[in-house]
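> build me a model from this:
(one chain, ligands or ions: 1)
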Amino acid sequence: MARIKLPGLSIARLASWRPQLKTAVPAVLIAIGLAFIVAVVWIWSWPLSTADRFAAIGDAATICGLVLAAFAAIVALAAYLVATQSPDLEAEIEFLSAGDRNKPVFLVGQADERMGTRLVVIPTEHDPALIRIRNRSSFAAHTPAIRIDLVGLGGLKAQPGWTIGWVQRDPFNQQWAQWEGGADYAIHGHWLRALPELSFEGVAVYPGVDVPIIVITLVADAMAPKWQTIPIDVKDDATYPAYVEERRARNAREPGRCEIGGCADEARFVIVVRVPGHAVQTLHVCAKHRHFQGRGARLRARGSWIPMGDAEVQEVGEVT
Ligand SMILES: [Zn+2]
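Numbering: from 1, shown residues only. Here you go, the predicted model:
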């Protein structure tokens, strides 16, 4: 279903007006009724014959009826818009040791002499792709499914929770992995759901491919299919160590400094921050930001800044 947009009016905001609407609707109905009674009393005072007074009251009743019908139509439209909104899903793929969220960095070995492929080297023994679906809207997504196409690489093995598919394409096949939530599965508004792990062990990059790509397709009820293209940064033994060092420096905590955006005071307290839609994390903060409630500020999350919005904050200790 097409997403209906009204200028300056988001559906989430409309839905948040629910308590006000519950009072406003009866109030408007009573106001229209009172306006009609006032009109009748006023018309009766006019210097007209009784027949003309009744005719004027009839006109007033027609006008009140039209206003009522227009109001009912607006309320019905608002209810329809709220009831038929589509969820807004986004996929995340992340390897703990191979890159950042939606930015995989693969270490590949030498080309195989016979096949020309370069094997993806998984730096740790067990580092599968962690795949999550984030719902950015307030509306639940029902019957979600995800398909992960590998372009320029392949070799995923059969594994629990995933259906692995192949397309015959000489000289190398195109492969995909598919997960389906089923009819009972929902991703609620602003929630993040983790899918079964997808191991890339044994995957090879095909000959002549400089930028292998992961293409993710997300579908759910009442949502148009959504595509995400995730290029894989391929590094070899010569370039990988510099990347690892750069990543470590980027994610390191600056020692002793407050971690609230724009503040560089001495960190003295440890707080736990829960931002809706993000992982719970700890922050080192200064005395000024000890009872900080988050609104309007940003915090650093794995190398990028995220707005804190309606964060919940709890103090858990002091920096030692
Ligand atoms: Zn501070």
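
> which parts of the chain sit against the ion?
258, 260, 263, 265, 286, 289 (Cβ under 5 Å from the ion). Every C-beta, even on glycine, is put in place using the N, C-alpha and C of the backbone.

> return the set of buried residues in the one helix or strand Thr217 maps to.
Applying DSSP states H and E as the criterion places Thr217 in strand 213-220. Residues of strand 213-220 classed as buried by neighbour count (16 or more other Cβ atoms under 10 Å): 214, 216-220.

> and stretch 159-172, by the same measure?
162, 172.

> hang on, the earlier thing: partner strands of the strand holding Thr217, parallel or antiparallel?
Applying DSSP bridges, strand 213-220 is found paired with strand 145-151 (antiparallel), strand 223-231 (antiparallel).

> deepest-packed of those strands, please.
strand 145-151 (a mean of 20; mean count of other Cβ atoms under 10 Å).

> and the next element down the chain from it?
Counting by DSSP H and E, what follows strand 145-151 is strand 153-154.

> list the helices and strands that next one packs on?
Using 3 or more Cβ pairs under 8 Å, 6 or more residues apart in numbering; DSSP states H and E, the elements in contact with strand 153-154 are strand 204-205.

> pretty sure Ala111 is touching Pro207, no?
Yes - taking contacts as Cβ atoms under 8 Å, Ala111 lies within contact range of Pro207: 7.0 Å.

> shared neighbours of the two, anything?
Thr117 (Cβ atoms under 8 Å, 6 or more residues apart in numbering).

> tally of neighbours for Pro241?
Other residues lying near Pro241 total 11 when counted by other Cβ atoms under 10 Å.

> next one: Asp237
11.

> now it. Nearest residue, chain neighbours left out?
With Cβ to Cβ, 6 or more residues apart in numbering as the criterion, Asp237 has its nearest non-adjacent residue at 7.5 Å, and that residue is Leu107.

> separation between the one you found and Asp265?
Between Leu107 and Asp265 the computed distance is 39 Å (Cβ to Cβ, to the nearest Å).

> which segments of the protein make up each domain?
Using automatic domain parsing, the domain parsing of the chain gives 11-83, 89-251, 269-318.

> any idea of the mean pLDDT in the last one?
Translated: domain 269-318. Mean per-residue pLDDT for domain 269-318: 71.

> equivalent analysis for the longest one, please.
Predicted confidence along domain 89-251 averages 89 (mean pLDDT).

> where's that domain relative to the chain centroid, distance-wise?
Centre-to-centre, domain 89-251 and its host chain are 18 Å apart (Cα atoms, centre = their mean, to the nearest Å).

> secondary structure element for the residue in the stretch 101-250 of the chain that the ion sits nearest to, which one?
Residue nearest to the ion within the stretch 101-250 of the chain: Arg250 (20.9 Å; Cβ to the ion). With secondary structure defined by DSSP H and E, Arg250 is part of helix 240-251.

> fine by me, we can end here.
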